[in-house]
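K.L.:
Return atomic coordinates for the entry below.
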Amino acid sequence: MLKTEKQNLPGIQNYVRHLSQKYSPSLLGYIYSVTGDKEKSEEYLVMILSQFVVDFNTDVLNKNVTWLKLRQYACNFLSMSAFVSHNHIADKTKQIETGFPENDYLSLLDQKQKEIFCAIYYHGKSINDLATALQENATVIRNQFKLSLDKIRNARGN
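P.N.:
All right, here's what the predicted structure looks like:
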């Protein structure tokens, strides 16, 4: 007769606890701002952290997890779940379709500036990585990002 025994990944519970302690307040606030429901937000928080550890096991084990990576994962997770309440449908649908958050200041930017600004500011990509991905010069990307920031700052009165 074949004997099997249950084994957990080494220390995975410690890593989940570490992620939870470090990012739960911020992540719960983000999820609540999207769902508008406290109980649902707490449920999604548990699901997101649990699934994140499974999907990004090597990053978690190497402690190579950043807030931006976790937030982006949560955004994708929530957009794939059919949870959006009727109050948030219009805003979130536009964000999901366009890939950009609904923001009056972003409407001041042209499509290329918006793409560069969101990739760097919201998704945490480096200028060099973005330049490689877009097959552009890093100086051009940097200048477009600075121009985008200036437009938004001027519109806000900063």
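K.L.:
Report the separation between residue 58 and residue 64.
P.N.:
Using CB to CB, to the nearest Å, we find residue 58 at a distance of 8 Å from residue 64. No exception for glycine: its C-beta is placed from N, CA and C like everyone else's.
K.L.:
ugh, wrong one, I meant residue 79
P.N.:
Residue 79 is 24 Å from residue 64, where distance means CB to CB.
K.L.:
same deal with residue 41?
P.N.:
Distance, residue 41 to residue 64, using CB to CB: 26 Å.
K.L.:
give me the low-pLDDT residue ranges for the protein?
P.N.:
Judged by pLDDT under 70, the chain has its weakly predicted residues at 1-12, 80-103, 158.
K.L.:
50 instead?
P.N.:
Residues of the chain that meet the criterion pLDDT under 50 lie in 82-98.
K.L.:
Tell me who's in contact with the residue lying closest to residue 117 once chain neighbours are set aside.
P.N.:
Once its chain neighbours are removed from consideration, residue 117 has its nearest residue in residue 148; the separation is 4.1 Å (CB to CB, 6 or more residues apart in numbering). For residue 148, the contacting residues are 109, 113, 114, 116, 117, taking CB atoms under 8 Å, 6 or more residues apart in numbering as the criterion.
K.L.:
One more pass at 6 Å, please.
P.N.:
Residue 148 is in contact with 109, 113, 117, counting by CB atoms under 6 Å, 6 or more residues apart in numbering.
K.L.:
can you check residue 116 too?
P.N.:
The contact partners of residue 116, taken as CB under 6 Å, 6+ apart, are 141, 144, 145.
K.L.:
longest helix in this protein, by residue count?
P.N.:
Among all segments of the chain classified by DSSP state H, the helix with the greatest residue count is helix 12-35.
K.L.:
got the buried residues for stretch 23-36?
P.N.:
Of all the residues in stretch 23-36, those buried under the rule 16 or more other CB atoms under 10 Å are 23, 27, 28, 30, 31, 32, 34, 35.
K.L.:
same deal with stretch 55-67?
P.N.:
56, 59, 60, 65.
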